[in-house]
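S.K.: following is a predicted model, sequence given first.
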Amino acid sequence: MKDRYGFIVEALEGFPKVELEDIRRFFGAKVPANIRKHEFVDRLGAYIVENPSKWLSKMLERDLRLLRRLVDAGPDTPVCLDYPDYPSVLETVHLLGSDTSDPDYRSVWIPSELYSIVAPHIDEAISNGEADGSFEMERAALGYLNLYGAMMLDDFYDRMLDYWEYSGKTDLKVFMARLFDSPVVKLCLVNVGDGRYVSSPNVYDTDALVRGWDAYPDVKGFRKFTPKEALEAGAGAPYFVCRLGTREGRKLVRMLSGLGYSGEDLVRVEHDIWMNSQMVSESDTTEAIFSAVTRKQDAIDTFEEYNACMEIVADYANRLPKWLLKGHSAKETNYLKVVLRTEEDTLETLVRKNPLLGLYVHPAPMDSPCPCGSGLSYRFCHGKRLN
């Protein structure tokens, strides 16, 4: 007990008092705020050590499943993970170990002290979340936020009441009590001016998003999404996808699968296309939207095939809900469209306008070194694609 307590206290001591109060609220610890910091840390640390079943019930599904994976690996055993758009709560409060020296992947592990606290309780916490509907409610809440980007707190509650009627799993009083105490609300509630908003964990600047709505006055109201659409958009945290069942979505999945993406990699690139499509402006095309194709360009034989892949990505991105458009898509509003080319574009102007294609270099003799600097001859590098 002493070793576990000392580890928790050491992790908490580095936080200022105001952040410790946030941690206390999130973990559900009944620690009075009007005590000195060292006593606050001691009591919060004791709660975490002595009441794992209580605070595990306050965690996001994403954190619990990450804990399950780390517990399966064993104490102090690193697991190599991708960098998500937002970190897990347990990483944020320094209860998990991590190594971020590699720019592409991070190593995460569960210290032996925390392992001994959570290992006996993690399966029960996950089973309870599945059985009592907490996980499904969390997915619906995250889904609405991912589809809209942000919304006023009252509007969020209205959408969640739609989900409650759809699910029919609990009475309204129990449902609202769970929703008020939901980790999603605790993490995603922000103040913007005089208003209280809830925003997707993938939104970095809620103020800027709320201000950005004014740039599109023709978009009068928030688009209506069904609870089923919200559940799709909120599943699989921290990687989210939606509208894969549309014609554009099915074509995207077939194309990405043909390029060799599968499993978690496929979900990740689908998520990246969705999130990066939120950043596109009317005057430019965001390179990151198309990175799933550009990374695989060596597997594509002709420029025509390459351009067809890019068009599939653009069509799907234009079908996706846009935060700045209050959940409407570019296809529905003619705003924020991802555009690759116009009918009058020649091959050369197309590539010049879109340097992200990675194809344009100055023409060179076929057997000379390619001007791109690859070390290959022009014939077997960019010359092959532009021949």
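M.R.: Everything's here; your move. Residues are numbered from 1 along each chain as shown.

S.K.: quick one, what contacts V192?
M.R.: By CB atoms under 8 Å, 6 or more residues apart in numbering, the contact set of V192 is 150, 206-207, 210. Where C-beta positions appear, they are placed from N, C-alpha and C, glycine not excepted.

S.K.: can you pick the most crowded of those?
M.R.: Neighbours here are counted as other CB atoms under 10 Å. On that basis the top member of the contacts of V192 is A150, with 23 neighbours.

S.K.: pLDDT score assigned to the nearest residue to it once chain neighbours are set aside?
M.R.: If you skip the residues right next to it in sequence, A150 has S199 as its closest partner in space, 3.8 Å away by CB to CB, 6 or more residues apart in numbering. Confidence per residue is given as pLDDT, and for S199 that number is 95.

S.K.: ramachandran coordinates for S199?
M.R.: For S199, the backbone dihedrals (degrees, to the nearest 10) come out as phi -130, psi 160.

S.K.: run a quick neighbour tally on it.
M.R.: Using other CB under 10 Å: S199 sits among 25 other residues.

S.K.: was I right to think it contacts T206?
M.R.: Yes: under the criterion of CB atoms under 8 Å, S199 is in contact with T206, at a separation of 4.3 Å.

S.K.: who touches both of these two?
M.R.: Here S199 and T206 share the contacting residues 150, 190, scored by CB under 8 Å, 6+ apart.

S.K.: now the chain, which segments are flagged as low pLDDT?
M.R.: For the chain, the stretches with pLDDT under 70 are 1-2, 281-286, 340-364, 366, 370-387.

S.K.: report the buried residues of the longest helix anywhere in the chain.
M.R.: Residue-count comparison of every helix in the chain, with assignments taken from DSSP state H, identifies helix 303-319 as the longest. Judged by neighbour count (16 or more other CB atoms under 10 Å), helix 303-319 contains these buried residues: 303, 306-307, 309-310, 312-319.

S.K.: which residues in the chain form strands?
M.R.: Defined through DSSP state E, the strands belonging to the chain, from first to last, are 79-82, 97-99, 105-109, 150-152, 189-192, 195-199.

S.K.: save these as TSV, and put in distance to P217 too.
M.R.: As requested, the strands of the chain are arranged in TSV below (distance: least, CB to CB, whole Å):
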stretch	distance to P217
strand 79-82	39
strand 97-99	44
strand 105-109	42
strand 150-152	18
strand 189-192	19
strand 195-199	19
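
S.K.: F175 is nearest to which of these?
M.R.: When the strands of the chain are ranked by proximity to F175, the top entry is strand 195-199, at 16.6 Å, counting by CB to CB.

S.K.: just checking: what are the partner strands of that closest one?
M.R.: Here the strand partners of strand 195-199, with direction, are listed using DSSP bridges: strand 150-152 (antiparallel), strand 189-192 (antiparallel).

S.K.: JSON lines please, covering these and showing distance to I48.
M.R.: Compiled in JSON lines, the strands paired with strand 195-199 are given as follows (distance: least, CB to CB, whole Å):
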{"stretch": "strand 150-152", "distance to I48": "31"}
{"stretch": "strand 189-192", "distance to I48": "23"}
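
S.K.: so for N51, which of those sits nearest?
M.R.: The nearest among the strands paired with strand 195-199, by CB to CB, is strand 189-192 at 24.2 Å.

S.K.: buried residues in the closest one?
M.R.: Along strand 189-192, these residues count as buried under the neighbour rule (16+ other CB under 10 Å): 190, 192.

S.K.: same check, this time on stretch 110-121
M.R.: Within stretch 110-121, the residues that qualify as buried by neighbour count (16+ other CB under 10 Å) are 110-111, 113-119, 121.

S.K.: could you do stretch 85-95 as well?
M.R.: In stretch 85-95, the ones that count as buried by 16+ other CB under 10 Å are 85-91, 93, 95.

S.K.: rewinding a little: which residues touch the residue nearest to A150?
M.R.: 145, 149-151, 188, 190, 206, 209.

S.K.: give me the contacts around stretch 64-77.
M.R.: For stretch 64-77, contacts defined as CB under 8 Å, 6+ apart pick out 56, 59, 79, 88, 90, 96-97, 108-112, 115-116, 118-119, 122-123, 125-126, 129.

S.K.: any idea how many residues pack against A29?
M.R.: A29: 20 neighbours (other CB under 10 Å).

S.K.: that one reaches G45, doesn't it?
M.R.: No: if you go by CB under 8 Å, A29 and G45 don't touch, sitting 9.6 Å apart.

S.K.: what bridges to the closest residue in space to D207 that isn't next to it in sequence?
M.R.: Excluding its sequence neighbours, the residue lying closest to D207 (CB to CB, 6+ apart) is V192, at 5.3 Å. Counting by DSSP bridges, V192 is bridged to G195.

S.K.: from A208, how far out is V192?
M.R.: Distance of V192 to A208, given as CB to CB, to the nearest Å: 10 Å.

S.K.: what do the two both touch?
M.R.: Counting by CB under 8 Å, 6+ apart, V192 and A208 have no contacts in common.

S.K.: rewinding a little: got a markdown table for the buried residues of stretch 85-95, with distance to V338 too?
M.R.: Shown next, in a markdown table, are the buried residues of stretch 85-95 (distance: CB to CB, whole Å):
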| residue | distance to V338 |
| --- | --- |
| D85 | 20 |
| Y86 | 24 |
| P87 | 29 |
| S88 | 31 |
| V89 | 33 |
| L90 | 36 |
| E91 | 33 |
| V93 | 38 |
| L95 | 40 |
